[in-house]
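J.: When you get a sec, could you give me coordinates for this:
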Amino acid sequence: MTKTWLSASAALLLLGLSGGKASAREVQSHGFRLEHWLCDTFFNGYRATDYTQRWDIPASANRDHGGLPVNPKAAKYGSSIGLGDALRQFEITEQTDAFILIAAFWEQADADTKRWVNVQALTLTPALWRRLWGDLQRHDLERLQRLIQDRSLSVEEARRQAQALKARPPYSTALITLNPKIDDSQRRLQCSLRFSVLFDHLAPQADRSRQPQATLWGHPLPPLHDAAARTFKQ
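T.: Reported below is the predicted structural model:
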């Protein structure tokens, strides 16, 4: 289990956005470990074969917990959960089947260890997921994405125009946070879910406080050993 726990499989691009920023690499590493532990503990050791697949863990691998596809996400406690590509997330609203979102949050326990302090397994319908997008339609996201990817605009101008567009309806009606990624190496539209939105709108009855032992389906999440806080160059 230890060797598997420390290895990595699918790419989870998750950004911690508050409460002391966690680096993208740090969050990604914890996402790797979480997904492997989940797969080894609950999903018969499943490993993704296509990193572009819609679900991190497909319904076919989930034999014991509802038979639904699963997307695990990890973030620093109190931070936003990175969801990746915005259009792919919006496509969930166009599906007919529910899915399970596993959201796990960590904190630094001591100099050498982080521990999981909250975990939620939420069964979400496309209709509930749709509410997070407010009045946004697919063509609105495609419009913003075209602007972001317009290479005739400088990085600075693309950022300025993207932020200006985001500030207006229908973009401003969304609870999902749209995150344009614009620099010399990338032009992408990603999205994230604030900690407060997750609990207020998707899990209003859940306990959002720090838990002495974060437990999922009767199994305590293992600590993240040798995962001390670090500063990485972005």
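
J.: going forward, measure contacts and count neighbours with C-alpha atoms only.
T.: OK.

J.: How many neighbouring residues does residue 217 have?
T.: Look at residue 217: counted by other C-alpha atoms under 10 Å, it has 9 neighbours.

J.: and what of residue 48?
T.: Neighbours around residue 48, by other C-alpha under 10 Å: 15.

J.: my read: it touches residue 55, true?
T.: No. If you go by C-alpha atoms under 8 Å, residue 48 and residue 55 don't touch, sitting 9.2 Å apart.

J.: Is residue 180 part of a helix or strand, or is it coil?
T.: Under DSSP: H, G, I helix; E, B strand; the rest coil, residue 180 falls in the strand class.

J.: secondary structure class for the residue lying closest to it once chain neighbours are set aside?
T.: The shortest distance from residue 180 to any non-neighbouring residue, by C-alpha to C-alpha, 6 or more residues apart in numbering, is to residue 189 (4.6 Å). Under three-state DSSP, the three-state class of residue 189 is strand.

J.: got a list of what residue 189 touches?
T.: If a contact means C-alpha atoms under 8 Å, 6 or more residues apart in numbering, then residue 189 has 85, 86, 87, 144, 145, 148, 178, 179, 180, 181 as its contacts.

J.: Could you provide those in CSV, with additional columns for neighbour count?
T.: Putting these into CSV (neighbours: other C-alpha atoms under 10 Å) gives the following:
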residue, neighbour count
85, 17
86, 22
87, 16
144, 20
145, 19
148, 23
178, 23
179, 18
180, 24
181, 18
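
J.: State whether residue 213 is indeed within a strand.
T.: No. Counting by three-state DSSP, residue 213 is not found in a strand; it is coil.

J.: Tell me the pLDDT of the residue of the chain positioned farthest from its centre.
T.: Residue farthest from the centre of the chain, counting by C-alpha atoms, centre = their mean, is residue 152 at 30.8 Å. Residue 152 is assigned a predicted lDDT (pLDDT) of 98.

J.: and it, what is it in contact with?
T.: For residue 152, the contact set (C-alpha under 8 Å, 6+ apart) is empty.

J.: ok, it to residue 56 distance?
T.: 35 Å (C-alpha to C-alpha, to the nearest Å).

J.: got it, and residue 130?
T.: Taken as C-alpha to C-alpha, the span from residue 130 to residue 56 is 20 Å.

J.: Show me which of these two is the more surrounded one.
T.: Set residue 130 next to residue 56 and count neighbours by other C-alpha under 10 Å: residue 56 wins out with 23 against 20.

J.: just checking, the more buried one touches residue 68?
T.: No. Contact criterion C-alpha under 8 Å: residue 56 and residue 68 do not qualify, at 11.5 Å.

J.: Flag the shaky bits of this protein, pLDDT-wise.
T.: Within the chain, the stretches with pLDDT under 70 are 1-27, 226-234.
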